[in-house]
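Visitor: only geometry, no sequence info:
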C-alpha cells in the first residue's frame with residue numbers, strides 16, 4: 001500500500017470537501033475584499049450529514065442523509081455561480097480578485113462534477129464509468145498546476 005495525501009474517494013466526503021472549499025472562497029470574497037455576496041454557510045450541516053452517512057449501517061439509512069447533503073451542495077454551487085457573476089464584473093482591475101474568481105470557477109466546476117456523479121450513483125443507482133469520476137477535487141488541482 002502507498003501513502004497518499006488524499007482521502008478515500010467516498011461521495012459524501014467529496015461533497016463535503018466541495019461545500020467546505022467553496023464556502024471558504026465565498027467568505028474570502030466577502031471578508032477580505034468587502035464584496036457583498038449573499039450566501040448561507042451550510043458547513044456544519046454538511047459535516048453532520050457526511051458523518052451520518054459514514055456511520056449509517058445500510059443504504060436505506062444513508063439515502064436521506066445523501067439527499068440532504070446533495071441539497072446543501074447544490075445550494076453552495078448556486079452561491080458560487082452568483083459569486084462568479086459578481087466577481088466577473090469587478091475583477092478587471094484587481095489581480096487578486098481575478099485569482100479568487102479563477103479558484104471559485106475551478107472548484108465550482110469540480111463541485112458540479114462531484115454532485116453529478118454522487119447523484120447518479122446514489123439517487124439514480126447508476127454505475128458511473130471510471131473516466132467520468134472525480135477521485136479528489138484537490139488531486140485534480142495539483143495535477144493541473
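Guide: Thanks, I have the structure now. Everything quoted here is computed from the prediction, not taken from an experiment.

Visitor: need the nearest residue in space to the residue nearest in space to the middle of the chain, chain neighbours excluded.
Guide: The centre of the chain sits closest to residue 18, judged by CA atoms, centre = their mean, with a distance of 1.7 Å. Nearest-residue entry for residue 18: residue 111, 3.7 Å, with adjacent residues in sequence omitted and distances by CB to CB, 6 or more residues apart in numbering. All C-beta spots, glycine's among them, are computed from the backbone N, C-alpha and C.

Visitor: elements contacting whatever helix or strand the one you found lives in?
Guide: Using DSSP states H and E, the element containing residue 111 is helix 95-118. Contact partners of helix 95-118 among helices and strands, from 3 or more CB pairs under 8 Å, 6 or more residues apart in numbering; DSSP states H and E: helix 11-31, helix 59-90, helix 137-144.

Visitor: OK, contacts around the residue lying closest to residue 91 once chain neighbours are set aside?
Guide: Spatial nearest neighbour of residue 91, excluding adjacent residues (CB to CB, 6+ apart): residue 97 at 3.8 Å. Residue 97 makes contact with 33, 87, 90-91 under the criterion CB atoms under 8 Å, 6 or more residues apart in numbering.

Visitor: closest to residue 22 among those?
Guide: Nearest to residue 22 among these: residue 87, at 13.0 Å, using CB to CB.

Visitor: hang on, that closest one packs against residue 99?
Guide: No - with contacts counted by CB atoms under 8 Å, residue 87 stays clear of residue 99, the gap being 10.2 Å.

Visitor: residue contacts, residue 87?
Guide: Contacts of residue 87 (CB under 8 Å, 6+ apart): 29, 35, 97, 100-101, 104.

Visitor: neighbour-wise, which of these leads?
Guide: Tallying neighbours with other CB atoms under 10 Å puts residue 104 at the head of the contacts of residue 87, with 25 neighbours.

Visitor: tell me which of the helices and strands packed on helix 95-118 sits nearest to residue 121.
Guide: helix 11-31 (6.4 Å).

Visitor: nearest residue to residue 94 other than its sequence neighbours?
Guide: residue 33 (8.0 Å).
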